[in-house]
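> Next come a sequence and a model predicted from it.
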Amino acid sequence: MKKLIAVLLISIIGVSLCLSGYDPVFAAPSPGPIYAKSSVGSAVVRIQMRLRELGYLNFKPTGSYKSMTVDAVKAFQTNCRDSGYEMQVDGRMGDQSIELLFRYEALRSSLSGISIPAGPKHGAMTLAKTGGLVSWSSVVQTLTPNTEYRIIDCYTGYELRLIFIGGENHAEMEPVSQDAMNEFMKICGKEYNYLKRPVVVVINGQEIAASIQCWPHGSDAISDNGMRGHVCVFFDGSLSHVGNLPDVEHNENIHKAMGQ
């Protein structure tokens, strides 16, 4: 009987919290600090989670306040200003922006349409190219910053060239030129999306199985290639930005890139 009462009380409390709009996942950061470009930490993660939940940010939280977060905050602030709030559109999260972002009836991003692109021959049974399995710990020792590498899409055989700009747990790369950017868009379905594709990266003549994502993000090292930010390329043993955890989709693509 006591257990039943306890369960009922927990349920009632949970319903009350839901009705009040409280959600611990999207709890607002403490008032006072101003979060802006180059800010890092758990508060930035909560801001990014809330921006994504409201439709302003279309990428996973990283805990690093960079250009995509700035743009998302500006879009939210613009929406608030257009709805009658007196506020500055500067991409910075101060007390006013945080209060409006985390309130129960926060303004959501308006969607003009929904598109789910898919790159050519995505999911094909026969691959145009495969490579061998090499661990990230070995690959990173052979990659040279600011050097370009051939990337071959396993489904189509299309090639593009990316420059390795760094990366601790996986490779961060950018197209070398607008032409390379055009090839990137061609294999990704002509627009940015969350798809991850099996690829082969040619390093010192060795063809290595890898996985590339179709959504650029973060810092930008090459200003005239048509891409804002960089894309992540995973190898065997690579880890994600968030929590230094393995990425199941990338790992599956790496094995696809091996022909398995």
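Structure received.

> mind listing what L143 touches?
Contacts were defined as C-beta atoms under 8 Å, 6 or more residues apart in numbering; by that measure L143 touches 149, 164, 171, 203. Every C-beta, even on glycine, is put in place using the N, C-alpha and C of the backbone.

> hmm, 10 Å instead?
L143 makes contacts with 136, 149, 164, 166-167, 171, 173, 201, 203-204, 233, 235, as judged by C-beta atoms under 10 Å, 6 or more residues apart in numbering.

> Could you find the closest non-adjacent residue to A210?
V201 (4.7 Å; C-beta to C-beta, 6 or more residues apart in numbering).

> In which helix or strand does the residue nearest the centre of the chain reside?
With distances taken as C-alpha atoms, centre = their mean, the chain has F59 as the residue nearest its mean C-alpha position (3.7 Å). Secondary-structure assignment from DSSP states H and E places F59 in no helical or strand segment.

> so it touches W215, yeah?
Yes. Taking contacts as C-beta atoms under 10 Å, F59 lies within contact range of W215: 6.0 Å.

> any residues in contact with both of the two?
68, 192, 194, 229.

> re the thing from before, out of the contacts of L143, which sit inside strands?
Among the contacts of L143, the ones falling in strands (DSSP state E) are 149, 164, 166, 171, 173, 201, 203, 233.

> So for the third one, what pLDDT did the model give?
In other words, G166. pLDDT for G166: 93.

> I'd like to know how far the closest residue to V40 other than its chain neighbours sits from I98.
Counting by C-beta to C-beta, 6+ apart, S64 is the residue found nearest to V40 once chain neighbours are left out, at 5.2 Å. In this structure, S64 and I98 are 18 Å apart, going by C-beta to C-beta, to the nearest Å.

> how deep is the nearest residue to R108 once chain neighbours are set aside tucked in, by neighbour count?
For R108, ignoring the flanking residues on the chain, the nearest one in space by C-beta to C-beta, 6+ apart is L54 at 4.9 Å. Applying other C-beta atoms under 10 Å, we find 19 residues neighbouring L54.

> next one: F76
The tally of other residues near F76 (other C-beta under 10 Å) stands at 28.

> Does it lie in a helix or a strand, and which?
helix 67-82.

> tell me what that helix is packed against?
helix 42-53, helix 95-102 (3 or more C-beta pairs under 10 Å, 6 or more residues apart in numbering; DSSP states H and E).
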